[in-house]
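Asker: here is the input, now give the coordinates:
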Amino acid sequence: MEIPAKLMKFMRAQAKSYVPERLRPPMRHLRNLVSKPVLKYVEIHLADHCNLNCKGCGHFSPVASEKFADLKQLSTDLDRLSHLFSNIGQIRLMGGEPLLFPAVTEALQVPRKFFPRADLRIVTNGILLPKMNREFWRALKDNEVCIDLTKYPISLDVDKIRRLAAENGVRVEITECNKFTAGLKMTGDSDPHAAMRRCRSYWYCPFLQEGRLHVCCLPATVHHFNKQFNTSIPEDGGIDIHDSRMSGSFILSLLERPVSTCSFCTADEYVSFDWKVSRKEIAEWEV
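Answerer: Numbering: from 1, shown residues only. The predicted structure follows:
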């Protein structure tokens, strides 16, 4: 028998009145954990463009025009996600090069406000790290942000960066990157389901931008590629996280469904090549 809504509301109010005040916050937290799923991972661009511009960059930064995140929009979006998900496992602030963002210090504080238990990271090529001010380093420490440093085959004083991080109480993890991959299939005739399976076998990289959650960064950033090379790869609109009909579980299911852009990704092996600076040629991204 279904309990009438008014009676259910009354019963909940009565139950609440018997719970000691000190136990209500942990009970609310436990209820949220049970009722809302976890989003394992999300990427956020602070800047679309870059100061290094790697050949075949999967985020199309070498051909991207200057574009920065809107912190008010980002705050609104993360607030909404905090109502849909009990936690985000890992949040990576990236680009492009995120240290180009003039308000990067303020940006470090926004995700932590809404997801205090997330593994929060900023992904950088490290070139600008020695030039960052004390406020930036303090924000990293205060908000427990780990630096994900991608070490490319360029001249970079990694030891100096390690010392700076240690002096400021900031964790830094360094990944060597000597190879890139190309995966675009310009004929657009890939089986989107096969392409999605291939992609997910390597990566799980939902991408948040301007109120929309995308299966990856490609549907949200391919407009830079289209503009540069006069192509017409579909620019999928993504999932509207502010749609009142959305739930966290439903969003997770949508993130596993291919979008029209997937037809332009290879369903076969990616092409690997040595890292180089981009010459902004279309062949850099093609299989």
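
Asker: please enumerate the helices of the stretch 1-150 of the chain.
Answerer: Residue ranges of the helices in the stretch 1-150 of the chain, as given by DSSP state H, counting those that start in this stretch, are 5-17, 24-35, 71-84, 104-107, 109-114, 134-142.

Asker: any idea which of those has the lowest pLDDT on average?
Answerer: Among the helices of the stretch 1-150 of the chain, helix 24-35 carries the lowest mean pLDDT, a mean of 56.

Asker: for Cys265, which non-adjacent residue is closest in space?
Answerer: Setting aside the residues directly before and after it, Cys265 is nearest to Ala195 in space (C-beta to C-beta, 6 or more residues apart in numbering), at 4.4 Å. In this view, the C-beta of every residue, glycine as well, is placed from N, C-alpha and C.

Asker: what's the per-residue pLDDT of the residue nearest the centre of the chain here?
Answerer: Here the mean C-alpha position of the chain is nearest to the C-alpha of Glu43 (C-alpha atoms, centre = their mean), at a distance of 0.5 Å. Glu43 carries a pLDDT value of 98.

Asker: for Ser86, which non-adjacent residue is closest in space?
Answerer: Using C-beta to C-beta, 6+ apart, the nearest residue to Ser86 is Lys36, at 4.2 Å.

Asker: that neighbour and Ser82 touch, don't they?
Answerer: No - if you go by C-beta atoms under 8 Å, Lys36 and Ser82 don't touch, sitting 9.2 Å apart.

Asker: what's the burial count for the residue nearest to Cys265?
Answerer: 21 (other C-beta atoms under 10 Å).

Asker: returning to what we had before: ok, the residue nearest to Ser86 - contacts?
Answerer: 84-86, 248 (C-beta atoms under 8 Å, 6 or more residues apart in numbering).

Asker: let me have those residues in JSON lines, extended by neighbour count and distance to Phe264.
Answerer: Formatted as JSON lines, the contacts of Lys36 follow (neighbours: other C-beta atoms under 10 Å; distance: C-beta to C-beta, whole Å):
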{"residue": "Leu84", "neighbour count": "18", "distance to Phe264": "29"}
{"residue": "Phe85", "neighbour count": "23", "distance to Phe264": "29"}
{"residue": "Ser86", "neighbour count": "19", "distance to Phe264": "34"}
{"residue": "Gly248", "neighbour count": "17", "distance to Phe264": "29"}
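
Asker: and stretch 226-244, which residues are buried?
Answerer: Under the neighbour-count criterion of 16 or more other C-beta atoms under 10 Å, stretch 226-244 has 233-236, 238-239, 241 buried.

Asker: ends of it, what's the gap?
Answerer: Terminal residues of stretch 226-244 are spaced 32 Å apart (C-alpha to C-alpha, to the nearest Å).

Asker: ok, stretch 60-68 next?
Answerer: 15 Å.

Asker: what is the mean pLDDT for it?
Answerer: For stretch 60-68, the per-residue pLDDT averages 96.

Asker: give me the buried positions along that stretch.
Answerer: Within stretch 60-68, the residues that count as buried by 16+ other C-beta under 10 Å are 60-64, 68.

Asker: so where's the stretch 151-287 of the chain shaky on pLDDT?
Answerer: Applying pLDDT under 70 to the stretch 151-287 of the chain flags no residue at all.

Asker: strands along the stretch 151-287 of the chain, start to end?
Answerer: For the stretch 151-287 of the chain, applying DSSP state E, counting those that start in this stretch gives strands covering 172-176, 179-182, 207-209, 212-214, 239-240, 271-274.

Asker: which stretch among those strands comes nearest Lys55?
Answerer: strand 179-182 (6.1 Å; C-beta to C-beta).
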